[in-house]
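[1] no sequence for this one, just the structure:
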């Protein structure tokens with residue numbers, strides 16, 4: 001990762017991973033992620049996870065904002081609702 005801001009670089013890689021995942025070629029995405037974990041010039045496993053968490057946080061807070069949450073407390077409350085719904089759907 002040559003970018004000076006490691007958080008931005010890790011988040012950029014997370015977007016690449018999600019883009020591949022959304023293309024429905026899951027095995028290609030898995031192979032790409034596996035290569036990133038060991039690539040000496042890549043973000044490394046910890047930064048890869050941090051980038052995915054940054055992306056996930058941004059997406060959830062964006063959804064919460066779209067539900068008309070305005071204050072920090074409302075954003076966090078709605079984000080919690082969104083995450084619980086996601087977990088509920090996973091368990092079905």
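    Thanks, I have it. Computed from a predicted model, the values in this text were never measured in an experiment.
[2] low-confidence ranges in this structure?
    1-3 (pLDDT under 70).
[3] can you name the next helix or strand after the longest helix along the chain?
    Counting residues, the longest helix found in the chain (DSSP state H) is helix 44-66. Sequence order places helix 72-90 as the next helix or strand after helix 44-66, per DSSP states H and E.
[4] in that next one, what's buried?
    75, 78, 79, 82 (16 or more other CB atoms under 10 Å). Every residue, glycine included, has its C-beta placed from N, CA and C.
[5] check stretch 7-14 too.
    Going by neighbour count (16+ other CB under 10 Å), the buried part of stretch 7-14 is 9, 10, 11, 12, 13, 14.
[6] do the same with stretch 56-68
    60, 61, 63, 64.
[7] excluding its backbone neighbours, what's nearest the first one?
    Spelled out, it's residue 60. residue 79 (4.7 Å; CB to CB, 6 or more residues apart in numbering).
[8] and what of the last one?
    In this structure, residue 64 finds its nearest non-sequential neighbour in residue 78, 3.7 Å apart by CB to CB, 6+ apart.
[9] phi, psi for residue 39 please.
    phi -70, psi 120 (degrees, to the nearest 10).
[10] quick one on the thing from earlier: a markdown table for the buried residues of helix 72-90, including distance to residue 49?
    Below are the buried residues of helix 72-90 laid out as a markdown table (distance: CB to CB, whole Å):
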| residue | distance to residue 49 |
| --- | --- |
| 75 | 23 |
| 78 | 24 |
| 79 | 19 |
| 82 | 20 |
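[11] closest to residue 19 out of the residues you listed?
    residue 82 (21.3 Å; CB to CB).
[12] hang on, that closest one packs against residue 64?
    Yes: assessed by CB atoms under 8 Å, residue 82 is found in contact with residue 64 at 6.3 Å.
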